[in-house]
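> my questions are about this predicted structure, shown below with the sequence.
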Amino acid sequence: MFKLLTQFKVVGEVRNITKASKIIGISQPTLTQNLTRLEKSLGTTLLTRNISGIELTETGEKVYQNLIGIIDSYDNLISSIKNPEDEKRKLFTIGCGFNWTHTDFFKQIKKPLYSYNDLTFKIKNGDIVSLHDDLLNNNCDIAMGTIPDILVQHEEISYIPVFRTRFIIYVDKNHPLLSKPVVSDDDLQEYQWVILRHNNEPPVVDNLYNGLVGLKNIQFNCQSVLASLSLVQDSNNLTILSVQFKELAEQYGLAPLPTASSSQEHQVGLMFRKGNTLAHKISHEMIACIDKKDLT
């Protein structure tokens, strides 16, 4: 059962049977049979097919969202049971927001990591509040994300600004609001939203949305970048993501929505404890690999 649930989680992530089968490493017919077995075992329908791929049913979406936390907890449990041979390699943890792992930045900053053959890198997504706490508690070596306001910065942490970003609204390329010369905040309240969130993200992060999103209009709370883009595709839903997602959003047929109100810019960068010399070295190596034209 756990194997079938794990496979379903991958399907929920990419919303495409063919892509999921390649990621899992099994044939498409085998994956389809396994999903049918899972549905029979649970006594419910988890997904339906459409022209662009598949859609999760309401039950399927609930199962998928719960599986994210369950499988992550299982992976953490397994990783905590260390084999004596594994002790030869030091664990180095990098925590980051979706900006870093789901845009071209990751293709650049990953380059220096390959030279550290004695390290096992753990890459994890998380919101900046929890990642900042992880740094303070020595549960993370490098955190990459929005740099906290100077009033809440800690003396023992080094903060290295890399670029500035802001949040913009993305919609399907055929969305009716794209035909309006000016889109007001009142116009936005007429539509449902897809919100991308990290697991257990604190409510304070909602401030990043600059008050544009009303809680009563949130139709989907999603912990997957690709799933959130897919939910906006071919619909009238809205989503709000950073400008760095523009290229990926365009691949899903989405377009930025010009609005009357603009969101606040945020300073983004790398953070590490001042006593962590290895984190200092790797941070500067990653920053050196970033193409400066991508920062604008």
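Now that the structure is in, tell me what you want to look at.

> who touches the helix or strand hosting K3?
Secondary structure assignment for K3, by DSSP states H and E: helix 2-14. For helix 2-14, the surrounding residues in contact (C-beta atoms under 8 Å, 6 or more residues apart in numbering) are 17, 20, 23-24, 26, 31, 34-35, 37-38, 41, 46-47, 54, 56, 60-61, 63-64, 67-68, 70-71, 74, 224, 226-227. (Each C-beta comes from the backbone N, C-alpha and C, glycine too.)

> so how do I select the buried members of these in ChimeraX?
The ChimeraX command for the buried members of the contacts of helix 2-14 (criterion: 16 or more other C-beta atoms under 10 Å) is given here:
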select :17,20,24,31,34,35,38,46,47,54,56,60,61,63,64,67,68,224,226,227
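
> in strands only, show me the contacts of helix 2-14.
Here DSSP state E is the test, and those give L47, I54, L56 as lying in strands.

> now the residues you listed in TSV, with pLDDT and distance to A255?
Output for those, formatted as TSV (pLDDT from 0 to 100; distance: C-beta to C-beta, whole Å):
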residue	pLDDT	distance to A255
L47	84	27
I54	82	24
L56	87	24
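
> now tabulate the residues you listed in a markdown table and tack on distance to R166.
Shown next, in a markdown table, are the ones in strands among the contacts of helix 2-14 (distance: C-beta to C-beta, whole Å):
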| residue | distance to R166 |
| --- | --- |
| L47 | 35 |
| I54 | 33 |
| L56 | 31 |
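
> which of the residues you listed lies closest to A279?
Nearest to A279 among the ones in strands among the contacts of helix 2-14 is L56, at 38.7 Å by C-beta to C-beta.

> if I look at the closest residue to that closest one other than its chain neighbours, how far off is Y252?
Excluding its sequence neighbours, the residue lying closest to L56 (C-beta to C-beta, 6 or more residues apart in numbering) is L47, at 5.3 Å. Here the distance between L47 and Y252 works out to 19 Å (C-beta to C-beta, to the nearest Å).

> which positions within the helix holding K3 qualify as buried?
So helix 2-14, judged by 16+ other C-beta under 10 Å, has buried residues L4, L5, Q7, F8, K9, V10, V11, G12, E13, V14.

> next, format those as CSV and append distance to L270 and pLDDT.
Output for the buried residues of helix 2-14, formatted as CSV (distance: C-beta to C-beta, whole Å; pLDDT from 0 to 100):
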residue, distance to L270, pLDDT
L4, 39, 83
L5, 35, 84
Q7, 35, 84
F8, 35, 83
K9, 30, 84
V10, 30, 84
V11, 34, 83
G12, 31, 83
E13, 27, 82
V14, 29, 80
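
> could you pick out the longest helix of the protein?
The longest helix of the chain (DSSP state H) is helix 58-80.

> ok, residues contacting the helix or strand following it?
Sequence-wise, the next helix or strand downstream of helix 58-80 (DSSP H and E) is strand 90-96. Contact with strand 90-96 is made by 116, 118-126, 130-131, 134, 139-145, 278-279, 282, as judged by C-beta under 8 Å, 6+ apart.
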